[in-house]
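In: Below are the sequence and a predicted model for it; my questions follow.
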Amino acid sequence: MKIYSLIDEFSSFNPCVFTLGVFDGVHIGHQEIIKNLIFRSRKKYCSVLLTFHPHPKEILNSDKKFFYLNTLSEKIYNLKKTGIEHLIIHPFTINFSRLRTKDFLKKILHPKYKIRKIITGYDSRIGKNRDNSYEELKKLSHSYGIKVYKVSPYKFQKKIVSSTYIRKSLLLGNIQWANQALGYFYTLSGNVIEGKGIGRMINFPTANLQVDSKKLIPKKGVYAVKINYLNNMYSGMLNIGINPTLEKKNRKIKIEVHIFDFFENLYGKKIDILMIRIIREEKKFNSIQELKKQICIDKMNVQKFFYHEKKNRYNY
């Protein structure tokens, strides 16, 4: 896959099949669009995907904080796995948002990209004010000899899969639905930083993770997780929260993982935490002893979960 950082960096000698969108999360709905793109480009055309960074909502609604399902590097990694040939990551700006679809086709896409087909999602809106629907795009494209194909909404458990709904599910702690909708485990990645060492004092040492500040953090609570470190996979339990039992003033959310049967020093090392299932919500305890007792119960519940998951995997 070739990557371009501006629309103007890409031009093709060969005709292409084209799609565009934000693709935050590269979820199973996005994957259907890309499968359609690759199917319609097979052998005869090249496949081109145009995406944007930052997310339009971050620019157009700058007064509200916006959190991503994928960091930019994660999105590139997920898109690379789909098999597309050309990925263009264009900066989204206020000026770019004012470009009309008619001008976008006439001045940029048609002369530079030699587009023969455009693949669009069921709810795609492009151009100024996002007011150009599929029917309007089809009408505009026809004058340039471009065919437009619309991909139907992808549903899972009777719900349309969308990045917005996946975000809501993660914030509600519905990790399992979010993972199914993404087509992979939601992942928190980052370097391990030094904490206060309280976990070690109560015989539950934790690795404190520093994640990208714009990455969406799921609901506060305790989770069953898998940890990828140097391509080795470990089981563990993750706590997302403000440590209400121990912290009186610092209300900043912390991400701490206890890795089972692991004894290496991880300070400064990068790890990936794959979110599997929420075990319980965050709770304040009356003492460190109560907290330690609950952590023991949490660990037992997480280990039971992984045991039954492994057992069920081989009993089919």
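Out: Yes, it's here.
In: Now for Ile59: which residues touch it?
Out: Contacts for Ile59 were tallied using CB atoms under 8 Å, 6 or more residues apart in numbering; they are 92-94, 97. (Glycine included, C-beta is placed from N, CA and C.)
In: Flag every buried residue along stretch 288-301.
Out: Across stretch 288-301, burial judged by 16 or more other CB atoms under 10 Å covers 291-292, 295, 298-299, 301.
In: Reformat those as TSV; add distance to Lys150, secondary structure and pLDDT.
Out: Output for the buried residues of stretch 288-301, formatted as TSV (distance: CB to CB, whole Å; DSSP: H, G, I helix; E, B strand; the rest coil; pLDDT from 0 to 100):
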residue	distance to Lys150	secondary structure	pLDDT
Leu291	53	helix	92
Lys292	56	helix	92
Ile295	51	helix	95
Asp298	47	helix	97
Lys299	49	helix	96
Asn301	45	helix	97
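In: quick check, nearest of those residues to Ile7?
Out: Distances from those to Ile7 were compared by CB to CB; the smallest belongs to Asp298, at 49.3 Å.
In: what sits against the closest one?
Out: Asp298 sits next to 222, 237, 279-280 when contact means CB under 8 Å, 6+ apart.
In: which residues touch stretch 161-172?
Out: For stretch 161-172, with CB under 8 Å, 6+ apart as the criterion, the contacting residues are 22, 24-25, 27-29, 67, 69, 123, 153-155, 159, 175, 177-178, 181-182, 186, 216, 218-219.
In: Can you list which of those residues are found in strands?
Out: Here DSSP state E is the test, and the contacts of stretch 161-172 give 155, 159 as lying in strands.
In: Tell me the buried residues within the contacts of Ile59.
Out: The neighbour-count criterion (16+ other CB under 10 Å) marks Phe92 among these as buried.
In: Please state the offset of the helix or strand of the chain with the lowest mean pLDDT from the chain centre?
Out: One helix or strand of the chain scores below all others by mean pLDDT, DSSP states H and E: helix 198-201, with a mean of 72. Relative to its parent chain, helix 198-201 has a centroid offset of 32 Å by CA atoms, centre = their mean, to the nearest Å.
In: That helix: which residues count as buried?
Out: Quick answer for helix 198-201 (16+ other CB under 10 Å): 198-199.
In: what does that helix contact?
Out: Contact partners of helix 198-201, identified using CB under 8 Å, 6+ apart, comprise 205-206, 243, 246, 256, 258.
In: just the CA coordinates of that helix, formatted as CSV?
Out: Output of helix 198-201 as CSV, limited to C-alpha atoms (Å, rounded to 0.1, in the frame of the first residue of the first chain):
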residue,chain,number,x,y,z
ILE,A,198,0.6,1.2,45.5
GLY,A,199,-0.3,-1.9,43.5
ARG,A,200,3.1,-3.5,44.3
MET,A,201,2.6,-2.7,48.0
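In: Show me what secondary structure element comes after that helix.
Out: Using DSSP states H and E, the helix or strand that follows helix 198-201 in sequence is strand 207-211.
In: Spatially nearest residue to Val222, not counting backbone neighbours?
Out: Ile279 (4.6 Å; CB to CB, 6 or more residues apart in numbering).
In: burial measure for that neighbour, as a count.
Out: Neighbourhood size, Ile279 [other CB atoms under 10 Å]: 20.
In: follow-up on the earlier one: what about burial for the contacts of helix 198-201, which qualify?
Out: Using 16+ other CB under 10 Å as the burial test, those include 205-206, 243, 256, 258 as buried.
In: Pull out the buried residues from stretch 101-115.
Out: Within stretch 101-115, the residues that count as buried by 16+ other CB under 10 Å are 101, 104-105, 109-110, 113-115.
In: on that earlier part again, contacts for the helix or strand harbouring the residue nearest to Val222?
Out: Element membership for Ile279, per DSSP H and E: strand 270-281. Outside strand 270-281, the residues that touch it by CB under 8 Å, 6+ apart are 173, 175-176, 179, 185-192, 207, 209, 218-229, 237-238, 255, 257, 298, 301-302, 305.
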